[in-house]
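*Asks:* below is the structure, and that's it, no one-letter string:
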C-alpha cells in the first residue's frame, strides 16, 4: 500500500490541501516508514504515561507523608482525650467524696450530741479565747474588747471596739 501511495503522490493525484496542517506530513511519515512512525508515537505516549506515573508516585509519597503526620496528630489527640477522661473521672470521684463528707459534717452538726457538747464547752472555749487575747494584746485591749462585745450583744450600735 505504501508503494501505491508513493506512486499516486509522485503523480500529484493526492490532494493534501483538504487535510489539516500537520496531517499531510504525518501521513507521509506513516506511509514512508510506518513501523518507525508508530514506534515513535508509542515512545511519546509511553514517556507521557511514565511522566504521569512519576508525578502520581511523587503525589502519593507526599500524601503518605501527610497521612503519617495526621495519624500522629490523631494518636496524640486520642491520648490527650484518654488522659482528660481519666482526670475527669478522678475529679468526679473527688467531688463525690467531698459531697459525702459535707453531708456527714452537716448531719453531725445537726445532731443533738454535737449541739449539747457545743453548749457545755462554750464557757471554756470563751475563757480560753480571752486568755489568748490577753497574752497577745495585753490587759487594756482585752477588757476594752470584752466590753465592746457585751455592748454589741445588748444592742448598742455606736460601739466600734
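*Replies:* Yep, that arrived. Keep in mind that this is a model prediction, so the values were computed, not measured.
*Asks:* just give me the neighbour total for residue 132.
*Replies:* Around residue 132 there are 11 other residues, counting by other CB atoms under 10 Å. Bear in mind the C-beta positions are built from the backbone N, C-alpha and C, glycine included.
*Asks:* check which helices and strands the strand or helix carrying it is in contact with.
*Replies:* Element membership for residue 132 (DSSP states H and E) is helix 112-137. Other helices and strands packing on helix 112-137, by 3 or more CB pairs under 8 Å, 6 or more residues apart in numbering; DSSP states H and E, are helix 139-154.
*Asks:* for residue 14, give me phi and psi.
*Replies:* Reported as degrees, to the nearest 10, the phi and psi values for residue 14 are phi -100, psi 130.
*Asks:* can you tell me which residues contact it?
*Replies:* 5, 8 (CB atoms under 8 Å, 6 or more residues apart in numbering).
*Asks:* and residue 122, how far from residue 82?
*Replies:* 54 Å (CB to CB, to the nearest Å).
*Asks:* scratch that, residue 36 is what I was asking about
*Replies:* Distance, residue 36 to residue 82, using CB to CB: 67 Å.
*Asks:* what about the helices in this structure?
*Replies:* Using DSSP state H, the helices found in the chain span residues 2-11, 23-32, 34-109, 112-137, 139-154.
*Asks:* dump those to JSON lines, plus mean pLDDT.
*Replies:* Shown next, in JSON lines, are the helices of the chain (pLDDT from 0 to 100):
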{"stretch": "helix 2-11", "mean pLDDT": "75"}
{"stretch": "helix 23-32", "mean pLDDT": "77"}
{"stretch": "helix 34-109", "mean pLDDT": "93"}
{"stretch": "helix 112-137", "mean pLDDT": "94"}
{"stretch": "helix 139-154", "mean pLDDT": "88"}
